[in-house]
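> coordinates only, sequence not included:
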């Protein structure tokens, strides 16, 4: 599994062409190996939610799904701190999904844990 991250920035211009600061963008794409893709298809987890967004009323809704990130996700952000935070959230979500893939591989077999 590979997570490809691309960070960019562009100058923001005002109505009359004046400088209005910088806008940042974060593009992410998840690439799975053929074996991992087979597991996703077998267990039908393409709609697995990787990240959530919190709405103003405090409820959460899906923001990035596995299928969406495999197709490529893109977001524009106002500051670098938010960009770094969102990038970290996506990395953490992919790490947790990798654990789920490892569990999927173990079905039909045994796991021996020695203490």
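Cool, got the structure. Just so it is clear, the model here is predicted, and its values are computed rather than measured. Numbering: from 1, shown residues only.
> Enumerate every residue touching residue 73.
Contacts here follow C-beta atoms under 8 Å, 6 or more residues apart in numbering; on that basis residue 73 touches 27, 28, 29, 64, 90. Where you see a C-beta, it was placed from the backbone N, CA and C, and this is true even at glycine.
> Could you give the number of residues near residue 32?
Other residues near residue 32 come to 16 when the count uses other C-beta atoms under 10 Å.
> Report the contact partners of it.
By C-beta under 8 Å, 6+ apart, the residues touching residue 32 are 1, 40, 70.
> Neighbour-wise, give me the winner out of those.
Busiest of the contacts of residue 32 [other C-beta under 10 Å] is residue 40, holding 20 neighbours.
> Need the outlier residue of the protein, farthest from its centre.
The outermost residue of the chain, judged against the average C-alpha position, is residue 16 (36.6 Å), by C-alpha atoms, centre = their mean.
> which residues does the most centrally placed residue in the chain contact?
Among the residues of the chain, the one closest to the centroid is residue 90, at 3.8 Å (C-alpha atoms, centre = their mean). Residues in contact with residue 90 (C-beta under 8 Å, 6+ apart) are 3, 5, 28, 50, 51, 64, 69, 73.
> repeat for residue 31
By C-beta under 8 Å, 6+ apart, residue 31 lies in contact with 1, 2, 3, 4, 70.
> Output the below-cut-off pLDDT ranges for this protein.
Of all residues in the chain, none has pLDDT under 70.
> which residue ranges form the helices in it?
Per DSSP state H, the chain carries helices over the ranges 34-42, 66-71, 80-106.
> Could you check how far the closest residue to residue 14 other than its chain neighbours is from residue 10?
In space, and not counting its chain neighbours, residue 14 is closest to residue 20: 4.9 Å by C-beta to C-beta, 6 or more residues apart in numbering. Per C-beta to C-beta, to the nearest Å, residue 20 is found 11 Å from residue 10.
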